[in-house]
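> Here is my input; please provide its structure:
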Amino acid sequence: MLNTTLKQQLRQPRFWALIMGIVVVLIHQLAGEVNPAIDYIFFAIFVILIGIPHGAVDHLVEEKYFQKKKKPFSLFRFLFKYILQIAAYAILWFFMPVLSLSLFLLLSAWHFGESDMQSAPRHLLWKVSQMLLGTLVLFLILMREPAFTADLIFRITRESMPALNIWQWIAGNSLGVYGVLLVSLILISVIAQRFEPLKWQQVKWINFVLLLVVIYFLPLLPAFALYFGGWHSLNTFDHMSEFLGDKNSVWRLWKAALPFTLLAIFFLGLTALLWSGFLNHIDPLPVLFIFIAVITLPHLLVMNKMFSER
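Here you go, the predicted model:
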């Protein structure tokens, strides 16, 4: 039984993502001053090769959702609505960056928790648990470099002092925030378990806890990349494969995502080229963050439909 479980783990991409994360932790702990290129390469591997592709098959998920609802599906209508949502959110970022950031953090926390606790019943208390879990993970990542996070918030909110002050207060009381989130998560999950029991997958949650421990010892960029690409995106590929049918393996989904993945990489590269040649007077970090935020919104909406159809 133990050998079977070990063999199954060795076949899991999440296991090897965890090993890569541990290697980067050891490099940071033992090498002293680390070349930033190592973190950038780690970030690029997980975000470009796994993170972006996991959102590039939303059209297949939406088509399957429409089939289940016995409604006609149009790829053109889907892409038009997808782009319209991106444009609307981008406009909101332009006029109300603080509200847009708050919305993005709330939606990201919900999406992370919903994906990690995907098998939870649809009871309201389990939804609260999902939100708390996602918030805890997001806060853990942002706290890897609180000063860097503060600088990022200040820049993407166009130097909003209220937003900066709120983050600095939260970061200054991080132990209390961790405690409230963790205690609330455990308490509400225990109560929810009494109403509608959840069958816990022990191996999965052991891996999840190990992942959070590794993330704790990483800087912000590789910490985010490890969770987003090495855990969340791989889990979502599994959820999508199950939703679309057994014939759609994770590898087949990854190959199906290639056209839109390459398109996203092309536009990112084109944007970087234009910035370096004509727009290098503009701070690139807020633009990159907002770009990620606006393309994430329609993906979250599609995934929420998928999870609601279990």
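
> check which helix or strand covers residue 253.
Using DSSP states H and E, residue 253 sits in helix 250-256.

> Can you list the buried residues in that helix?
253-254, 256 (16 or more other Cβ atoms under 10 Å). Backbone N, C-alpha and C define where each C-beta goes, glycine included.

> gap between it and the chain center?
19 Å (Cα atoms, centre = their mean, to the nearest Å).

> got the CA positions of it in PDB?
What follows is helix 250-256 as a C-alpha-only set of coordinates in PDB (Å, rounded to 0.1, in the frame of the first residue of the first chain):
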ATOM      1  CA  VAL A 250      -4.200  16.900 -18.400                       C
ATOM      2  CA  TRP A 251      -1.600  16.500 -21.100                       C
ATOM      3  CA  ARG A 252      -4.200  16.800 -23.800                       C
ATOM      4  CA  LEU A 253      -5.600  19.900 -22.200                       C
ATOM      5  CA  TRP A 254      -2.200  21.400 -22.000                       C
ATOM      6  CA  LYS A 255      -1.800  20.800 -25.800                       C
ATOM      7  CA  ALA A 256      -5.200  22.200 -26.400                       C
END
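
> Tell me the first helix or strand C-terminal of that helix.
Next along from helix 250-256, by DSSP H and E: helix 258-277.

> quick one: the helices in the stretch 151-300 of the chain?
Listed in chain order, the helices of the stretch 151-300 of the chain (DSSP state H, counting those that start in this stretch) span residues 161-172, 174-195, 202-216, 220-227, 234-244, 250-256, 258-277, 284-308.

> tell me the most buried of those?
helix 220-227 (a mean of 24; mean count of other Cβ atoms under 10 Å).

> what's it in contact with?
17-18, 20-21, 24, 39-40, 42-43, 45-47, 51, 137, 140-142, 144-145, 148-149, 211, 214-215, 218 (Cβ atoms under 8 Å, 6 or more residues apart in numbering).

> Give me the most central residue, the chain.
When Cα atoms, centre = their mean is applied to the chain, the residue found nearest the centroid is residue 228 (4.3 Å).

> Could you pull up the contacting residues of residue 290?
90, 93, 100, 156 are the contacts of residue 290 under Cβ under 8 Å, 6+ apart.
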